[in-house]
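Student: Build me a model from this:
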Amino acid sequence: MIRRLGIDDHESLMQYLGEEPSINLFMIGDIEAFGYESDFQDIWGQMDTEGNYEAVMLRYFQSYIVYAKASFDVQGFAAIMNEDPNFKEFSGKASVVGAFENGIVPKLGERKPTYFSELKVESFTPISTSEDRVKEADLEDIDRIIEIRTKGFSSYNTRSNARESLLKVMESGTSRSFYTEDQGVMTSIASTTAENSMSAMIVAVCTDANYRQQGLASEVMSTLCRRVLNEGKTLCLFYDNPKAGAIYKRLGFQDIGMWNMYR
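Tutor: This next block holds a predicted model:
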């Protein structure tokens, strides 16, 4: 049975999602931040006859995420998405969301596969760096963050709401950034997003083209990882570039699966 979930389901839902906090980072973060009564967010759960969770799906605006551990009612969840005229994006663990292909959800769009990697405190291998060299950004650094991201990612400068979005997540405490600089110019940066009580996602790791091959990204990543892990959280990230993956694995990240996004 699939039904919409509410505040009375919160404790059991968090226990279920918390069994894989990295894979369920976006769900956990959105539920903690926006709850069950927001007009832009819905959560559905599939239960067995004893009331145990078999699958969960979350809608955040026009995006959907599905999570399950074994077989589940693919047709039932697909029907919910197919009835939404605003559906634009769908993502999740590849072994789960792949079940929605082959016409079950006709508007899935193009699939983008990435590696999903996780870091726990017991596997962390820090890189020696000076605390003075790597700094944590604050709200006054927003324009510099946007500048280095725009240089590092060709698609970033097409986002008309980049500044507004960054300000919102920094003020909410769901994102933070660590960086190095040279004469006031950010030279390397790494950020978190979707931070919640259990986990955090690393995003937007980049180095200015004039400062590459100096190990700056590794130092920034190491500092960020140490800070977040010391708070008892796990870290995770997506990557599709083997060269970038090598940097992450030196720090102790381990691939735990593939993540597919459809747009």
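Student: buried stuff in stretch 41-52?
Tutor: Neighbour-count burial for stretch 41-52 flags Gln41, Asp42, Ile43, Trp44, Gly45, Gln46, Met47 (criterion: 16 or more other C-beta atoms under 10 Å). Where C-beta positions appear, they are placed from N, C-alpha and C, glycine not excepted.
Student: first to last residue in it, what's the distance?
Tutor: Using C-alpha to C-alpha, to the nearest Å, one end of stretch 41-52 lies 23 Å from the other.
Student: How about stretch 235-248?
Tutor: 11 Å.
Student: ok, now stretch 196-212?
Tutor: This stretch, stretch 196-212, spans 31 Å end to end (C-alpha to C-alpha).
Student: switch to numbering from 576
Tutor: Sure thing, new numbering starts at 576, so read that last one as stretch 771-787.
Student: buried stuff in that stretch?
Tutor: Asn771, Met773, Ser774, Ala775, Met776, Ile777, Ala779, Val780, Cys781, Thr782, Asp783, Tyr786.
Student: next one: stretch 801-809
Tutor: Neighbour-count burial for stretch 801-809 flags Arg801, Arg802, Val803, Leu804, Lys808, Thr809 (criterion: 16+ other C-beta under 10 Å).
Student: Spit out the contact partners of Ile720.
Tutor: Ala712, Leu741, Ser752, Tyr754, Met761, Ile764, Ser766 (C-beta atoms under 8 Å, 6 or more residues apart in numbering).
Student: rewinding a little: Serialize the buried residues of stretch 616-627 to CSV and add fields for distance to Ala608, pLDDT and secondary structure.
Tutor: Shown next, in CSV, are the buried residues of stretch 616-627 (distance: C-beta to C-beta, whole Å; pLDDT from 0 to 100; DSSP: H, G, I helix; E, B strand; the rest coil):
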residue, distance to Ala608, pLDDT, secondary structure
Gln616, 9, 94, strand
Asp617, 14, 97, strand
Ile618, 13, 98, strand
Trp619, 18, 98, strand
Gly620, 19, 98, strand
Gln621, 23, 98, strand
Met622, 24, 96, strand
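Student: And the strands in the protein?
Tutor: 577-579, 616-622, 628-635, 638-643, 664-668, 686-694, 710-711, 752-757, 760-768, 774-782, 809-814, 829-837 (DSSP state E).
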